[in-house]
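# Here is my input, please return the structure:
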Amino acid sequence: LGSANAIYQSLNLIHDENPDIVVVIGADHVYRMDFQQMVDAHVASGAAVSVAAVRQPLYLADQFGVIETDPAAPGKIAAFVEKPATTPGLPDDPQSFLASMGNYVFSRDALLQALEVDAERLDTNHDMGGDIIPYFVERGEAAVYDFTANDVPGSNDADRQYWRDVGTLDAYYDAHMDLIRPLPAFNLYNLEWPIYTRQNVFPPAKLVRGNSGRDGAAHDSI
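Numbers count the residues shown, from 1 in each chain. Coordinates of the predicted model:
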């Protein structure tokens, strides 16, 4: 029925492992992140849930779930608004806002309770970002984790804050083109924090001459 319902139907995994913390991660994004740092920040905050946020320019506010913080407590989420026409800029960066990355760290008991409540309601879409996170925001129990605070070994200034939502064909293509530049916007070859491709046992790929006699070639590919 929705992303929250998908987790609700998999609660046996949580009950079997009995963790203190549950990390829920979006699967259609490209980025590099050390989740231990976010977990540590979550525990220190005392919140029921922490939402990872990435800074985006104001003109993109209508494309993301927007996190608005409490001026008196910048680490606390005051409002979670889905794709608003406009939103206030950040106090330290007026031309940017905080967009939800779709990554969440939950305290286990709080997550279980929220999922049970959501499962019984008929007026929700059973969605993590649309229903579960606003549930905690309304209760004053949601914290924000600024992605700029995440320090991954081997990252450089050019790719440290790289994050792309690749949930559409256009976004997928754009991210692909980011990766194949001679000097890519996002470095896949960070040996201190490697990203591995999936290895399948298939026959090797090869480039051969076509019927015309021309050599096979691949350009702008990964």
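# name the helices or strands packed onto the lengthiest helix in the chain?
Longest among the helix segments of the chain by residue count, using DSSP state H, is helix 108-120. Helix 108-120 sits against helix 3-8, helix 11-17, strand 21-24, helix 133-138, with contacts defined as 3 or more CB pairs under 8 Å, 6 or more residues apart in numbering; DSSP states H and E. Any C-beta I mention is one placed from the backbone N, CA and C, and that applies to glycine too.
# quick one: which of these is nearest Ile195?
Smallest distance to Ile195 across the helices and strands packed on helix 108-120 (CB to CB): 18.2 Å, for strand 21-24.
# Residues in contact with the closest one: which ones?
With contact meaning CB atoms under 8 Å, 6 or more residues apart in numbering, strand 21-24 is reached by 7, 14, 35, 38-39, 42-43, 103-108, 111, 128.
# Can I get the buried part of those as one PyMOL selection?
To isolate the buried members of those in PyMOL, using 16 or more other CB atoms under 10 Å:
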select buried, resi 7+14+35+38+39+42+103+104+105+106+107+111+128
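# Would you confirm that Ala175 contacts Arg164?
Yes: using CB atoms under 8 Å, Ala175 is in contact with Arg164, at 4.4 Å.
# buried ones in stretch 110-123?
Under 16+ other CB under 10 Å, the buried positions of stretch 110-123 are Ala110, Leu111, Leu112, Ala114, Leu115, Asp118.
# circling back: just the contacts of strand 21-24: which has the poorest pLDDT?
Checked by pLDDT, the contacts of strand 21-24 have Met128 as the lowest-scoring entry (91).
# can you list contacts of the longest helix of the chain?
Applying CB under 8 Å, 6+ apart, the external contacts of helix 108-120 come out as 4-5, 7-8, 11, 14, 18-22, 48-49, 124, 126, 131-132, 135-136, 141.
# Apply 10 Å and report the result again.
For helix 108-120, the surrounding residues in contact (CB atoms under 10 Å, 6 or more residues apart in numbering) are 1-2, 4-5, 7-11, 14-15, 17-22, 24, 47-49, 104-107, 124-128, 131-133, 135-136, 139, 141.
# List the contacts of stretch 33-44.
Outside stretch 33-44, the residues that touch it by CB under 10 Å, 6+ apart are 20-21, 23, 25, 47-52, 54, 75, 101, 103-107, 143-147, 149-153, 155, 163, 193.
# one more time with 6 Å, if that's ok
By CB atoms under 6 Å, 6 or more residues apart in numbering, the residues outside stretch 33-44 that reach it are Ile21, Val23, Ser50, Val105, Tyr145, Asn150, Val152.
# ok, the fifth one - contacts?
With contacts defined as CB under 6 Å, 6+ apart, Tyr145 is in contact with Met38, Ala41, Ser50, Ala52.
# What are the neighbouring residues in contact with the residue nearest in space to the middle of the chain?
Centroid-nearest residue in the chain: Met101, 3.3 Å away (criterion: CA atoms, centre = their mean). By CB under 6 Å, 6+ apart, the contact list for Met101 reads Ala52, Val54.
# To which secondary structure element is it assigned?
Using DSSP states H and E, Met101 sits in strand 96-107.
# Tell me which strands that strand pairs with, and in which orientation.
Strand 96-107 has the following strand partners under DSSP bridges: strand 21-24 (antiparallel), strand 49-57 (antiparallel), strand 65-70 (antiparallel).
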